[in-house]
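J.: next comes the sequence, and after it the predicted model I'd like to discuss.
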Amino acid sequence: MSETIKMDMQITRATGLHGVLTMPGDKSISHRSVMLGALGNGITEITGLSFCDDVQSTAHCMEKLGVAITTGPDITIINGKGLHGLRAPDGRLDAGNSGTTIRLLSGILAGQDFDSEINGDVSLQKRPMKRIIEPLQKMNARIYAQKGNFTPLIIKGRPLHGFKHELTIASAQIKSCLLLAGLFAKGATTVTEPAQSRDHTERMLKHFGVNIIKEGLTVEIESCPHMISAPIEVPGDISSAAFFMIAASIVPNSELTLLNVGTNPTRTGIIDVLNQMGGTVVIEHERIKNEESRSDLIAKSSALHGIEIGGEMIPRIIDEIPIIAVAATQAHGTTIIRGASELRVKESDRIRNVVDNLRSMGAEVDEQEDGMIIHGPQQLKGAEIETHGDHRIAMAFAIAGLVADGTTTIRNAGCANVSHPGFFEQLLNISGK
Ligand code: S3P
């Protein structure tokens with residue numbers, strides 16, 4: 001664990017938040033830019049790439065697979081090797097804390113003509129991999145895992161064939177893993193999901209000239225002889241913006257402008273939920289570049305009320321539920337979150353950790369197997385927050401600290417770097433401290 005991860009941060013009440021902020025590049029789009037850039041024929045220039053720890057993990061893996069990546073302050077250049085140009089890695093690949101890295105990359109590695117091994121940190125070692133191993137095996141992949149489910153994964157590269165698959169979980173990571181494997185498979189690969197998850201892979205494959213057909217919740221990809229390279233402008237991360245949207249909503253006398261935030265409709269659930277709760281988030285200057293829309297967002301203090309959240313909304317807010325739970329403590333009435341059992345297998349058990357930390361701040365919360373029930377409004381009190389190394393728990397409870405009595409200490413706050421380097425500096429700037 002690095003020194004920054006061990007750092008604690010202290011947060012006290014804010015009287016108003018003001019400013020104009022730019023978020024780090026969208027993490028999901030950044031991972032895919034580096035992976036698809038590596039598989040393209042030629043140079044891919046990326047602007048706005050996230051420099052967060054998770055995307056660094058993807059970049060280091062691609063470098064180990066023989067891809068040259070040049071990083072400048074404004075632009076990252078990927079020297080694409082073409083679909084069949086990756087080389088066997090010298091040693092084990094390390095996905096760090098990143099589920100997206102290991103799951104998407106496994107789809108690519110399964111169809112190579114070399115073997116590889118990939119592992120991650122202690123959190124990733126506890127996360128389920130059977131969800132990608134079993135369908136990949138149906139494509140003829142050979143993958144060995146601890147107890148058939150856990151890292152390290154040993155992937156014996158071999159020829160794959162396409163198949164038709166119905167996902168039981170709405171997961172962009174599983175869907176993307178299979179679509180990327182489909183790039184190397186003989187015949188068509190068709191994936192149907194139970195609800196729409198983020199569709200960045202589909203959009204970026206189209207941007208790279210791949211024939212991908214979408215009909216409702218079904219996506220089909222044909223293996224292709226080669227993929228072009230194409231420049232990418234990565235928008236700001238709406239999952240990072242979510243912390244600031246909710247901070248502006250719950251801290252009185254606040255107004256924040258968030259520039260150039262990704263507003264792909266599969267990710268904007270946070271704006272819909274906040275507005276349904278009585279929040280004020282205005283979307284301005286929407287524009288589309290490389291198949292992905294982006295906008296400026298203005299969020300203001302508002303009187304929130306509780307709502308029920310479940311069903312198809314869950315995949316659209318899957319990473320935002322910890323901060324929505326914090327907002328719910330400040331809302332009038334009851335907020336019910338259900339159908340979100342996936343939260344138990346994220347970077348930490350986010351249902352347990354949100355409930356425990358809210359209770360330590362004095363809130364009344366009922367834990368459910370697939371969500372939680374929060375009664376509001378409640379006056380939170382400062383507490384010691386156990387992040388369990390989970391970036392979104394650290395950032396959600398830093399925002400809770402802005403409306404709490406006394407001091408809130410975020411343990412191991414440096415884990416915010418997993419998705420948002422500079423988060424605490426931005427928070428200090430807008431609170432005028
Ligand atoms: C991601 C998909 C989501 C999300 C994760 C990033 C992606 O995971 O929670 O942070 O980039 O595809 P699941 O697809 O497993 O829900």
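T.: Structure received. Note that the structure is predicted; figures quoted are calculated from it, not measured.
J.: SS state for residue 323?
T.: Three-state call for residue 323 (DSSP: H, G, I helix; E, B strand; the rest coil): helix.
J.: and the closest residue to it other than its chain neighbours, what's its pLDDT?
T.: Closest residue to residue 323 apart from its sequence neighbours, by C-beta to C-beta, 6 or more residues apart in numbering: residue 396 at 4.4 Å. For the C-beta atoms, the positions are set from N, CA and C on the backbone; glycine is no exception. Residue 396 carries a pLDDT score of 98 in this model.
J.: the one 3 residues further on too?
T.: Reported pLDDT at residue 399 in the predicted model: 98.
J.: what sits against it?
T.: Listed by C-beta atoms under 8 Å, 6 or more residues apart in numbering, the contact partners of residue 399 are 243, 246, 247, 250, 323, 326.
J.: next one: it from the ligand, what distance?
T.: Distance from residue 399 to the ligand, counting by C-beta to the nearest ligand atom, to the nearest Å: 18 Å.
J.: give me phi/psi at the residue nearest to residue 323?
T.: With angles defined as degrees, to the nearest 10, residue 396 sits at phi -60, psi -40.
J.: for the residue in the stretch 1-150 of the chain positioned nearest to the ligand, which non-adjacent residue is closest in space?
T.: At 3.3 Å from the ligand, residue 28 is the closest residue in the stretch 1-150 of the chain, using C-beta to the nearest ligand atom. Leaving aside its chain neighbours, residue 28 sits nearest to residue 200 (5.1 Å; criterion: C-beta to C-beta, 6+ apart).
J.: only C-alpha atoms, please: export stretch 103-119 in CSV.
T.: The C-alpha coordinates for stretch 103-119 follow below in CSV (Å, rounded to 0.1, in the frame of the first residue of the first chain):
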residue,chain,number,x,y,z
ARG,A,103,-12.4,-8.4,-17.2
LEU,A,104,-12.1,-6.5,-20.5
LEU,A,105,-8.5,-7.6,-21.0
SER,A,106,-9.3,-11.3,-20.3
GLY,A,107,-11.6,-11.1,-23.4
ILE,A,108,-8.8,-9.9,-25.5
LEU,A,109,-6.2,-12.3,-24.1
ALA,A,110,-8.4,-15.4,-24.5
GLY,A,111,-8.1,-15.1,-28.3
GLN,A,112,-4.4,-14.5,-28.6
ASP,A,113,-1.8,-17.0,-29.8
PHE,A,114,0.1,-16.8,-26.6
ASP,A,115,-0.6,-17.6,-22.9
SER,A,116,-0.8,-15.0,-20.1
GLU,A,117,-1.4,-14.6,-16.4
ILE,A,118,-3.2,-11.7,-14.8
ASN,A,119,-3.7,-10.8,-11.1
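J.: that stretch near the ligand anywhere?
T.: No. Against the ligand, stretch 103-119 shows no contacts by C-beta under 6 Å from any ligand atom, the least distance being 7.2 Å.
J.: quick check: buried residues in that stretch?
T.: For stretch 103-119, burial by neighbour count (16 or more other C-beta atoms under 10 Å) applies to 103-112, 116, 118-119.
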